[in-house]
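J.: quick one, fold the following:
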Amino acid sequence: MQTMRAKSEEQTEQGMAELQGMRGKSEMETMRAEPEMQTVRAESEMQTKRAKSEMETEREKSVMQAKRASSEMQTEPTKSIYWGVVRLLENNFLMAATDEGLCYLQFHEADPAGGVDEGAWLELAKWARAQLSESSWVEDAEKLQPYILQLEEYLKGLRTAFTLPLDLRGTAFQQSVWRVLHEIPHGGTFSYSQVAQALDKMSAVRAVGTAIGANPVLIVVPCHRVVGKDGSLTGYRGGLRNKEKLLLLERAGL
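T.: Next comes the predicted model:
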């Protein structure tokens, strides 16, 4: 009996020793894992802080951009369009200019004494909405006087070139076409294909014709000097009769 009791006590002590050994091993593993967990936790906190910092930076940028845009909208002045209807040597014109220069010149069918023609005004207003959306209208004959003077000199045959400032509004391609029109000499003509050739765009003759038709400043930008290949008169925004009159006027002065 004593032998069995002694053996049982021995087994119990052995079991307790094994449990203590396992507990010690577990504590060692826990102690070993703790620094790794602290490192992971620290990295996670750093990433969270970095993410918050980036969010705050983006928010600050967004606020600054909004303030800048608001400031630009508030400080950008409204562009004035000075306009008028004039009669020069039996020709009626609807014209407009900005502080930068003449931006619109079209023939006007009705007598200016009766006011502006509704159709002509609607066309001008449509053009202005597309090209000068933020603008105010000012009927001001005095502001237009320098342009009226040069136009009158031209119609009298006293001027072959305009020196007045222009504020031409159009696409880059339209602007390039209009520059070529300025190169056509007074009294001369170009065909549509010659204009396209000057631009090195022989495959874009139709697009060239469309750009010529969109010219907002007649006479000064001389689209009336563009004719068909055979020299025939083709479409003109101011009407074929006026186109013919302008070409005859220029040839008479040669």
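
J.: helix or strand for residue 175, which one?
T.: In the assignment (DSSP states H and E), residue 175 maps to helix 172-183.

J.: beyond that helix, next helix or strand please.
T.: Next in line after helix 172-183, if elements are assigned by DSSP H and E, sits strand 190-191.

J.: which neighbouring elements make contact with that following strand?
T.: strand 226-227 (3 or more Cβ pairs under 8 Å, 6 or more residues apart in numbering; DSSP states H and E). Using the backbone N, CA and C atoms, a C-beta is placed for each residue, glycine as well.

J.: relative to the strand it packs on, what are the paired strands and their orientations?
T.: Strand 226-227 has the following sheet partners, assigned by DSSP bridges: strand 190-191 (parallel).

J.: strands of the stretch 1-150 of the chain, residue ranges please.
T.: If DSSP state E, counting those that start in this stretch is used as the criterion, the strands of the stretch 1-150 of the chain fall at 79-88, 91-97, 102-107, 135-139.

J.: now do the helices in the stretch 101-250 of the chain.
T.: 118-131, 141-155, 172-183, 192-198, 205-213, 240-252 (DSSP state H, counting those that start in this stretch).

J.: columns mean pLDDT on top of the strands of the stretch 1-150 of the chain, output as JSON lines?
T.: Converted to JSON lines, those look like this (pLDDT from 0 to 100):
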{"stretch": "strand 79-88", "mean pLDDT": "93"}
{"stretch": "strand 91-97", "mean pLDDT": "95"}
{"stretch": "strand 102-107", "mean pLDDT": "96"}
{"stretch": "strand 135-139", "mean pLDDT": "91"}
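
J.: nearest to residue 166, of those strands?
T.: Of all those, it is strand 102-107 that lies closest to residue 166, at 5.5 Å by Cβ to Cβ.

J.: need the helix or strand of this structure with the lowest average pLDDT.
T.: Lowest by mean pLDDT, DSSP states H and E among the helices and strands of the chain is helix 2-75, with a mean of 62.

J.: now the strands of the stretch 1-150 of the chain in TSV, with distance to residue 147 and mean neighbour count?
T.: Converted to TSV, these look like this (distance: least, Cβ to Cβ, whole Å; neighbours: other Cβ atoms under 10 Å):
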stretch	distance to residue 147	mean neighbour count
strand 79-88	9	19
strand 91-97	6	23
strand 102-107	5	22
strand 135-139	15	13
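
J.: pull out the buried positions in the helix holding residue 175.
T.: Across helix 172-183, burial judged by 16 or more other Cβ atoms under 10 Å covers 174, 176, 177, 178, 180, 181.

J.: can you add mean pLDDT and distance to residue 99 and give the helices of the stretch 101-250 of the chain back as JSON lines?
T.: What follows is the helices of the stretch 101-250 of the chain, written out as JSON lines (pLDDT from 0 to 100; distance: least, Cβ to Cβ, whole Å):
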{"stretch": "helix 118-131", "mean pLDDT": "91", "distance to residue 99": "15"}
{"stretch": "helix 141-155", "mean pLDDT": "95", "distance to residue 99": "9"}
{"stretch": "helix 172-183", "mean pLDDT": "97", "distance to residue 99": "20"}
{"stretch": "helix 192-198", "mean pLDDT": "96", "distance to residue 99": "31"}
{"stretch": "helix 205-213", "mean pLDDT": "95", "distance to residue 99": "26"}
{"stretch": "helix 240-252", "mean pLDDT": "95", "distance to residue 99": "28"}
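
J.: turn those helices into JSON lines, including distance to residue 232.
T.: Formatted as JSON lines, the helices of the stretch 101-250 of the chain follow (distance: least, Cβ to Cβ, whole Å):
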{"stretch": "helix 118-131", "distance to residue 232": "26"}
{"stretch": "helix 141-155", "distance to residue 232": "24"}
{"stretch": "helix 172-183", "distance to residue 232": "18"}
{"stretch": "helix 192-198", "distance to residue 232": "12"}
{"stretch": "helix 205-213", "distance to residue 232": "14"}
{"stretch": "helix 240-252", "distance to residue 232": "10"}
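
J.: noted, bye for now.
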